[in-house]
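K.L.:
dropping a prediction and its sequence here:
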Amino acid sequence: VQLVESGGGLVQPGGSLRLTCAASGSIFSINVMAWYRQAPGKERELVAILPSAGIANYADSVKGRFTISRDNAKNTAYLQMNSLKPEDTAVYYCYGRGYNGYTWTQWGQGTQVTVSS
C-alpha cells in the first residue's frame, strides 16, 4: 500500500490550501485516514482523523479552520485548510490504516506547507 500526498505550498496568512492523499496498492479496505504534521524542532502531531464509520476529530489548534474528508470510491482523503496561520507551517503527513487480509498501516512521504507573508 502506498500513500501519496499533494497540494502543499506557500500561502499567505489567512489563505487556504487543500491537501490530497491518494492510496493505492493492495488496499481492500481503509478503516482510518488521518493527517499529521511536524514543524521544525517539534514532534509530529495529529491534525485530523476520520474513521470509515465515524465522526472526524481535530486538534484544538485547527478546529473550525480545517476539514478532513474522504472519497471512499477513490481511496482518497483530503484536508481543506482555511484561515491559515504562520504556526500552521509544517510538513503534513497522511496516515492510513486498513485491511487486506492483514491489517496494514502506512505513511505518506509528506508535503510542505508554509504560511508566510
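P.N.:
Nice, I can see it. Just so you know, these numbers come straight off a predicted model, no measurement behind them.

K.L.:
residues contacting stretch 105-114, please?
P.N.:
With contacts defined as Cβ atoms under 8 Å, 6 or more residues apart in numbering, stretch 105-114 is touched by 1-11, 17, 19, 21, 23, 37-38, 81, 84, 88-97. All C-beta spots, glycine's among them, are computed from the backbone N, C-alpha and C.

K.L.:
and that stretch, how far apart are its ends?
P.N.:
Looking at stretch 105-114, the gap from its leading to its trailing residue is 27 Å under the measure Cα to Cα, to the nearest Å.

K.L.:
what's near enough to touch the spatially most central residue of the chain?
P.N.:
Central residue of the chain (Cα atoms, centre = their mean): residue 35, 2.8 Å from the mean position. Contacts for residue 35 were tallied using Cβ under 8 Å, 6+ apart; they are 19, 21, 46-49, 68, 77, 79, 92-95.

K.L.:
go again using 10 Å as the cut-off
P.N.:
Remark: with contacts taken as Cβ atoms under 10 Å, 6 or more residues apart in numbering, residue 35 is in contact with 5, 19, 21, 46-50, 58-59, 62, 66, 68, 77-79, 81, 92-95, 108.

K.L.:
mind listing the residues bridging to it?
P.N.:
For residue 35, the beta-bridge partners under DSSP bridges are residue 48, residue 94.

K.L.:
just residue 19 next, same as before
P.N.:
Where residue 19 sits in a bridge, its partners, by DSSP bridges, are residue 79.

K.L.:
again with residue 112
P.N.:
residue 91.

K.L.:
and the pLDDT at it?
P.N.:
Here, the pLDDT recorded for residue 112 equals 98.

K.L.:
relative to residue 7, how far out is it?
P.N.:
11 Å (Cβ to Cβ, to the nearest Å).

K.L.:
mutual contacts of those two, please.
P.N.:
Shared contacts of residue 112 and residue 7, defined by Cβ under 10 Å, 6+ apart, are found at residue 92.

K.L.:
these two: which has the busier surroundings?
P.N.:
Counted by other Cβ atoms under 10 Å, residue 112 and residue 7 do not tie: residue 7 has more neighbours, with 16 against 12.
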